[in-house]
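Q: Okay, predicted coordinates and the sequence, questions at the end:
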Amino acid sequence: MHLLQPQLHTRRAFLRRSTQLGLAGTALPFALNLAAVGEAAALTASDYKALVCVFLYGGNDYANTVVTYDEASYNRYSAIRGGGAGQTAGGIALARAALAPTLLTPDTPLPGGRQYALHPAMGGLAGLFNTGKAAVQLNVGPLVVPLTRAQYTAKTQPIPPRLFSHNDQQSVWQSSSPEGSTVGWGGSIGDLALSSNGNSLFTCISVTGNAVFLSGSSAIQYQVGTNGAVAVNGVKNNVYGSSAVRGALSTLIQQPRTHLMENEYTRVTARSVASSDQIGSALAGVTLGTAFPTGNTLADQLKTVARLIAGRSALGNQRQVFMVSLGGFDLHDNLIAQQPVLMQRVSEAMTAFYNATVELGVADKVTAFTASDFGRTLTSNGDGSDHGWGGHHLVVGGAVKGRAFYGIAPPVTNTNTAAPEDQTHVGQGILLPTTSVDQYAATLAKWFGVSASELPLVLPNIGNFGGTDYPVDLGFLQAS
């Protein structure tokens, strides 16, 4: 059995980079961050594919996102959350009548007559689901090994580190390790794809700042803003109104140096200037007809991703991993008032992005998926919900085997009794995941082109899963 050993994962990355830099004459930490050294990538590709992680920071409330709808389950949900007849004061249940327009109609009904609807503000994503372009993965979250409630309670099997902590669980979702991890599974996928791209620098691109998800052992996350590349202002613009000063500064900060550290710094600066120009040139010729909503930061990020995909040939890319995000989901209070705004932004942004991939002719080559710190409690704290564990997530794209639910629909309860139907809760309606993030990630990675033998390089715990109950491939994507 492989156990979670984040210190080894980090140490391996450090030693690999140290060894590579040692050959160049230095192994200082500063140089480790600057070096774009790599190992041989195993993945080869002749077509184009992209993964887009949509991270919902703060821990999204799963129960009011993918909402239980069949009458029996809804009545239990309403009794636990309170106020389902119309969102009465103090209650956080959504009215059942409000869910009818976003009812999800899978091709294969769920066992036991279970039904779900999306949040009423998510009409766009409900439409994508019901037309076969989106799927729901039920009750997914971090696991080290398959885990029963009895094992969790007795602590006889390893559990993810530092459960219920925002920073740590964000990192565990993105990297299988708590806060401080240096390698994420998106970056590790990027490591394997480097040789498929003409310019490896644009393999992993973040439109949401620094995130461990896109950090590889070799792949470096390239960060852009919603207006494109982040310019080196002293080179891009006149200095003190003088083009001569700008030219002198440009020469000064990019010219070769004899000192190893200084030369490495100027080399990285020159690379930054060149890559900024390359991004700008690639985006200059891109015009999207798809309308993206305004006043929506997630939509702004996804529009940038769509434009970068449109410019993929100019950038020399055939495999890319992107990350975008939206914050504000830590709703201990004001859940009923604030979550609809967030859900509308997610739905409108992801729907517009899917439509843009259709326009670009790459809908079946681009898969977007949601992730979050954790799910939340089904039990109300009065005006919101508290930190949880498992949750429901959405996968969108032309390659998705849509109009379907994957995983196990959990019973609607907030207790942790010994009843057989209550084995996926650990109290307060906190879901014990029945699908691991590793399985979720492995399904995405396999579609992207990662082979079975390479999966352990990307997901250190994947060897602990398999078989009928915990398949490595969850089946929500078409075969490559």
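A: On my side now, so go ahead. Note that this is a predicted model, so its numbers are computed, not measured.

Q: which other helices and strands contact whichever strand or helix holds residue 370?
A: Element membership for residue 370 (DSSP states H and E) is strand 366-372. In terms of contacts (3 or more C-beta pairs under 8 Å, 6 or more residues apart in numbering; DSSP states H and E), strand 366-372 is packed against strand 49-56, helix 166-175, helix 335-359, strand 391-396, helix 437-448. All C-beta atoms are positioned from the backbone trio N, CA, C, and that covers glycine.

Q: Point out the one among the ones you listed that comes closest to residue 113.
A: Closest of the helices and strands packed on strand 366-372 to residue 113 is strand 391-396, at 18.3 Å (criterion: C-beta to C-beta).

Q: how many neighbours does residue 285 have?
A: By other C-beta atoms under 10 Å, 9 other residues sit near residue 285.

Q: thought it was touching residue 314?
A: Yes: between residue 285 and residue 314 there is a contact under C-beta atoms under 8 Å: 7.5 Å.

Q: remind me which residues of the stretch 351-480 of the chain are low pLDDT?
A: 416-422 (pLDDT under 70).

Q: Name the nearest residue to residue 377, ignoring sequence neighbours.
A: The shortest distance from residue 377 to any residue other than its chain neighbours is 4.3 Å, reached at residue 428 (C-beta to C-beta, 6 or more residues apart in numbering).

Q: correct me, but that neighbour touches residue 386?
A: Yes: look at residue 428 against residue 386 with C-beta under 8 Å: they come within range, at 7.2 Å.

Q: Identify the contacts common to the two.
A: Common contacts of residue 428 and residue 386 (C-beta atoms under 8 Å, 6 or more residues apart in numbering): 377, 379.

Q: Report the separation between the spatially most central residue of the chain and residue 99.
A: With distances taken as C-alpha atoms, centre = their mean, the residue of the chain nearest its centroid is residue 53 (3.1 Å). According to C-beta to C-beta, to the nearest Å, residue 53 stands 27 Å off from residue 99.

Q: Could you count how many residues lie near residue 101?
A: There are 13 residues near residue 101, going by other C-beta under 10 Å.

Q: part of a helix, is it?
A: Yes: per DSSP: H, G, I helix; E, B strand; the rest coil, residue 101 lies within a helix segment.

Q: ok, for residue 431, nearest residue in space, not its chain neighbours?
A: Residue 431's closest residue in space is residue 390 (C-beta to C-beta, 6+ apart), at 3.4 Å.

Q: how near is that neighbour to residue 155?
A: Taking C-beta to C-beta, one finds residue 390 at 18 Å from residue 155.

Q: Just the pLDDT for the closest residue to residue 409 other than its chain neighbours.
A: In space, and not counting its chain neighbours, residue 409 is closest to residue 114: 4.8 Å by C-beta to C-beta, 6+ apart. Note on residue 114: pLDDT of 97.

Q: Make 338 the starting number, not 1.
A: Fine by me, first position is 338 from now on; the one you just mentioned is residue 451.
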